[in-house]
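Peer 1: turn this into a structure:
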Amino acid sequence: MMANFDWPLLAIIALFAFVGGIVRELKSAAIKKKELLDYFVEGIVSAFTGIVVASLMMDYVGETHLLFGVAGLAGYFGPVVLDLLKDPMMAFIGRFTGAPPKA
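Peer 2: Sure, this is the predicted structure:
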């Protein structure tokens, strides 16, 4: 399975999402002063979000450049997208484990 994994594509997706997260942080920098570490952490969270969303969308988006755009947008909306994906993923995992969904 890992032999067919496209590492360069994953790296480019992470880069687009990283840049999307940095753009969001630069936009919000006018509101409050931030340190370099804040930008880096937001970029890492955004790259993770971009990889997750792009992995979910690979079968539905036919063109690679559109996948990069989806990853960049997911990186821009980073933590918001992760919050939106939390409940469906917990329900999905609960189906396999037999755990009742939390109210």
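Peer 1: which stretches in the chain count as helices?
Peer 2: Remark: helices of the chain, listed N- to C-terminal, are 7-28, 36-57, 64-76, 78-97; assignment by DSSP state H.
Peer 1: now the ones you listed in a markdown table, with mean pLDDT and mean neighbour count?
Peer 2: (Each C-beta comes from the backbone N, C-alpha and C, glycine too.) Supplementary listing: those in a markdown table, determined by pLDDT from 0 to 100; neighbours: other Cβ atoms under 10 Å:
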| stretch | mean pLDDT | mean neighbour count |
| --- | --- | --- |
| helix 7-28 | 88 | 18 |
| helix 36-57 | 87 | 18 |
| helix 64-76 | 89 | 20 |
| helix 78-97 | 82 | 12 |
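Peer 1: wait, residue 67 sits on residue 54?
Peer 2: Yes - here residue 67 reaches residue 54: they are 5.5 Å apart, a contact under Cβ atoms under 8 Å.
Peer 1: now the common contact residues for the two.
Peer 2: Shared between the contact lists of residue 67 and residue 54 (criterion: Cβ atoms under 8 Å, 6 or more residues apart in numbering) are residues residue 13.
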